[in-house]
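Student: Here is my input, please return the structure:
(one chain, ligands or ions: 1)
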Amino acid sequence: MITALVVGIAAALPAMVPAIAPPPKPRLVVVITVDQLRPDYLERYGAQLRGGLAMLLKQGAVFTDAYQDHAITETAPGHSTILSGRWPAHTGISRNLAGVQDSSAPLIGVQGQGASPARLRGTEFFDWLKAAEPGARALSVSGKDRGAILPIGRAKEQVYWYVGGVFTTSRYYADTVPLWVRVFNGQRVPFRAAGTEWRLLLPERDYPEPDSVPYENQGRDVVFPHRLPSDSGQAALAFVATPTMDSLTLALALEGTRALRLGARGATDLLAVSLSATDYIGHAFGPDSREIHDQVLRIDQYLGRFFEQLFVRYGSNSVLIVLTADHGVTPFPERSRALGRSGAVRVVPDSIFQSVNAALDRRAGGGGWLQFESGMLLLPGRTELAAQDVNVDSVIADVATRLRALPGVARVDRAADLATADSSDPVVRRWRHQVSSDMGVELVVTLKPFSIWGYAGVPIAMHGQPSDLDAHVPLVFWGSGVRRGVYRTRVRTVDIAPTLARWLDLTPAEPLDGRVLTEVSP
Ligand SMILES: [Zn+2]
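Tutor: Below you'll find the predicted structure:
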């Protein structure tokens with residue numbers, strides 16, 4: 001349906017200037033990741049899009065069958081694929097919990113979790129760009145540390161993310177926050193937003209979704225307007241889950257292009273922007289909410305203004321834009337059950353690991369032998385356990401049996417069996433792209449469609465499965481020389497970096513998992 005919509009819009013446009021070859025070299029490559037943006041949103045709300053999303057869909061190379069084609073569809077692994085061209089199994093960023101956290105790289109000027117790309121293996125697009133053009137620069141901004149850090153790779157460039165009201169960076173990148181960021185922070189926009197309201201962009205009749213849904217937002221503040229706390233500090237914390245967060249992130253990106261003179265020094269520069277608010281809003285209100293509808297309309301509007309201002313500065317022929325997402329999202333199980341999917345549940349397997357770990361502690365001492373994260377069962381101490389005459393394979397087999405018995409679990413695979421499993425199965429393929437042999441993974445657990453992992457009793461909508469709901473993402477290339485059209489070939493986010501490399505005649509510094517999307521080029 002999205003294809004019909006896009007084709008319909010495109011047919012109504014005047015003919016474009018014919019593509020020329022070779023493609024012009026852009027002054028600025030802009031890679032926009034919208035955190036948790038499902039591609040069906042663009043179809044659902046398409047008739048109401050007038051801004052930046054509409055421009056990309058009408059004039060870009062639109063891939064309707066694009067995937068974050070790995071199993072743990074979380075923010076950190078998703079962001080690690082986009083400009084590396086490699087699966088999480090090869091980037092080393094397998095899950096959020098082993099993402100960018102780094103206590104040896106403290107934040108500058110604020111309290112909070114230190115962060116760096118220390119776990120990221122290998123090179124990314126910017127490294128190849130820099131090798132070819134030593135003067136090239138990168139700026140990356142996001143509401144989240146992982147959203148800002150992972151698209152750039154290990155390069156010590158300009159990388160900023162939002163922490164409690166200000167944008168900052170970590171000691172990995174710099175010793176101080178530069179003046180232009182301090183001046184931007186000095187406007188205190190999130191603090192001054194205290195007491196302001198998020199109201200619908202369009203008249204209420206333009207939103208078919210019910211507003212009052214009891215399971216949304218943990219049952220609190222479920223209807224419009226949503227008011228930020230009157231305390232400025234509290235408002236700055238809550239600000240990340242409002243559309244204005246994305247507007248602010250784009251404003252910082254624009255300010256950075258000016259301050260750093262991106263695209264104005266002869267080299268091609270990289271601007272990466274990861275817009276985080278859709279993820280916070282999607283977790284709280286779900287993918288079928290009035291809130292997510294309004295959020296997508298607002299991103300469309302913000303991106304429209306953002307592109308306009310980039311075009312004023314660079315001219316539209318000098319900017320190459322990519323839009324994608326780090327993952328999708330699965331609806332609230334409560335909603336899925338109401339729609340007849342009676343098996344949709346939140347799966348909480350913790351008691352299995354607690355009881356097995358307690359038994360292993362009694363037998364072998366120590367503690368916390370089994371670690372379960374994001375569907376992977378890890379046993380880093382396998383060798384030590386075996387040395388104490390524990391039959392590890394039997395323990396793992398027992399755990400697998402107990403996991404399979406849980407409602408909502410579709411399958412439990414031994415990681416060691418993935419290499420020989422049926423590769424035409426997308427679940428097998430996505431786990432292979434996820435797990436590397438040196439991670440100490442024993443089992444991988446896949447839930448049934450529409451079931452999600454439960455977290456500490458917090459009833460939110462969730463992603464992280466190797467399902468199409470969580471893995472299907474938008475992918476659009478836009479720019480002078482991009483062959484406009486709707487492409488239905490199955491593509492992956494790992495194809496973005498090789499495609500950009502080809503566009504700029506760069507040589508990737510290592511073997512990639514993605515392919516060049518020849519559909520994009522003239
Ligand atoms: Zn995310």
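
Student: C-alpha from now on. contacts and neighbour counts both.
Tutor: Will do.

Student: Report the closest residue of this protein relative to the ion.
Tutor: residue 75 (3.4 Å; C-alpha to the ion).

Student: Can you get me a residue count around that residue?
Tutor: 26 (other C-alpha atoms under 10 Å).

Student: now do residue 132
Tutor: Residues contacting residue 132 under the criterion other C-alpha under 10 Å number 15.

Student: Residue 488: neighbouring residues, count only.
Tutor: 12.

Student: ok, it touching residue 64?
Tutor: Yes: the pair residue 488 / residue 64 is scored as a contact, 5.5 Å apart, by C-alpha atoms under 8 Å.

Student: Identify the residues contacting residue 71.
Tutor: 427, 430, 431, 433, 434, 464, 465, 466, 467 (C-alpha atoms under 8 Å, 6 or more residues apart in numbering).

Student: Mind checking what secondary structure the third one has?
Tutor: Translated: residue 431. Under DSSP: H, G, I helix; E, B strand; the rest coil, the three-state class of residue 431 is helix.

Student: now residue 136
Tutor: coil.

Student: Which phi and psi values does it adopt?
Tutor: Dihedral pair for residue 136: phi -70, psi 150, per degrees, to the nearest 10.

Student: who touches it in this structure?
Tutor: Shown in contact with residue 136 (C-alpha under 8 Å, 6+ apart): 129, 130, 267, 268, 269, 270.

Student: Which strand or helix spans the residue lying closest to the first one once chain neighbours are set aside?
Tutor: Excluding its sequence neighbours, the residue lying closest to residue 129 (C-alpha to C-alpha, 6 or more residues apart in numbering) is residue 506, at 6.4 Å. Counting by DSSP states H and E, there is no helix or strand that carries residue 506.

Student: ok now do residue 506, which residues does it touch?
Tutor: Per C-alpha under 8 Å, 6+ apart, neighbours of residue 506: 128, 129, 132.

Student: can you narrow those residues to ones near the ion?
Tutor: The subset of the contacts of residue 506 within reach of the ion, by C-alpha under 5 Å from the ion, is empty.

Student: could you dump these to CSV with secondary structure, pLDDT and distance to residue 357?
Tutor: Below are those laid out as CSV (DSSP: H, G, I helix; E, B strand; the rest coil; pLDDT from 0 to 100; distance: C-alpha to C-alpha, whole Å):
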residue, secondary structure, pLDDT, distance to residue 357
128, helix, 98, 45
129, helix, 98, 48
132, helix, 97, 52
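
Student: Pipe those into CSV and attach distance to residue 55 per row.
Tutor: Below are the contacts of residue 506 laid out as CSV (distance: C-alpha to C-alpha, whole Å):
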residue, distance to residue 55
128, 29
129, 27
132, 31
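
Student: rewinding a little: please list all residues in contact with the residue of the chain closest to the ion.
Tutor: 35, 95, 96, 146, 147, 326, 327.

Student: same deal with residue 367?
Tutor: 357, 358, 360, 361.

Student: Settle this for me: the third one is touching residue 381, isn't it.
Tutor: The reference is to residue 360. No: with contact defined as C-alpha under 8 Å, residue 360 does not count as touching residue 381 (11.2 Å).

Student: Now list whatever residues contact both of these two.
Tutor: residue 369.

Student: and residue 157, how far is that from residue 118?
Tutor: Taking C-alpha to C-alpha, to the nearest Å as the measure, residue 157 falls 14 Å from residue 118.

Student: before we move on, what about residue 180?
Tutor: Remark: distance between residue 180 and residue 118 (C-alpha to C-alpha) = 26 Å.

Student: any idea of the mean pLDDT in stretch 61-70?
Tutor: The average pLDDT for stretch 61-70 rounds to 98.

Student: what's the one residue sitting closest to the centre of the chain in contact with, if anything?
Tutor: Residue closest to the mean C-alpha point of the chain, counted by C-alpha atoms, centre = their mean, is residue 326 at 2.4 Å. For residue 326, the contacting residues are 33-37, 68, 73-75, 77-79, 82, 473, by C-alpha under 8 Å, 6+ apart.

Student: and the ion, which of the contacts of residue 71 reach it?
Tutor: Counting by C-alpha under 5 Å from the ion, nothing from these sits close to the ion.

Student: Which of these sits closest to residue 309?
Tutor: Closest to residue 309 out of the contacts of residue 71 is residue 464 (35.2 Å), distances taken as C-alpha to C-alpha.

Student: Can you check what pLDDT the model gives the closest one?
Tutor: Note on residue 464: pLDDT of 98.

Student: go on, the one 10 residues further on?
Tutor: What the model reports for residue 474 is a pLDDT of 98.

Student: and it, that one's in a strand?
Tutor: Yes: residue state for residue 474 (three-state DSSP) corresponds to a strand.

Student: quick one: contacts for it?
Tutor: 37, 38, 39, 63, 64, 65, 66, 67, 323, 324, 325.

Student: okay if I get those as JSON lines plus distance to the ion, secondary structure and neighbour count?
Tutor: As requested, the contacts of residue 474 are arranged in JSON lines below (distance: C-alpha to the ion, whole Å; DSSP: H, G, I helix; E, B strand; the rest coil; neighbours: other C-alpha atoms under 10 Å):
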{"residue": "37", "distance to the ion": "9", "secondary structure": "coil", "neighbour count": "27"}
{"residue": "38", "distance to the ion": "11", "secondary structure": "coil", "neighbour count": "24"}
{"residue": "39", "distance to the ion": "14", "secondary structure": "helix", "neighbour count": "22"}
{"residue": "63", "distance to the ion": "20", "secondary structure": "strand", "neighbour count": "26"}
{"residue": "64", "distance to the ion": "20", "secondary structure": "strand", "neighbour count": "22"}
{"residue": "65", "distance to the ion": "19", "secondary structure": "strand", "neighbour count": "17"}
{"residue": "66", "distance to the ion": "16", "secondary structure": "strand", "neighbour count": "26"}
{"residue": "67", "distance to the ion": "14", "secondary structure": "strand", "neighbour count": "27"}
{"residue": "323", "distance to the ion": "14", "secondary structure": "strand", "neighbour count": "23"}
{"residue": "324", "distance to the ion": "11", "secondary structure": "strand", "neighbour count": "28"}
{"residue": "325", "distance to the ion": "8", "secondary structure": "coil", "neighbour count": "28"}
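
Student: now those residues as a markdown table including distance to residue 167?
Tutor: A markdown table is the format used below for those (distance: C-alpha to C-alpha, whole Å):
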| residue | distance to residue 167 |
| --- | --- |
| 37 | 23 |
| 38 | 26 |
| 39 | 29 |
| 63 | 33 |
| 64 | 34 |
| 65 | 34 |
| 66 | 31 |
| 67 | 30 |
| 323 | 23 |
| 324 | 23 |
| 325 | 22 |
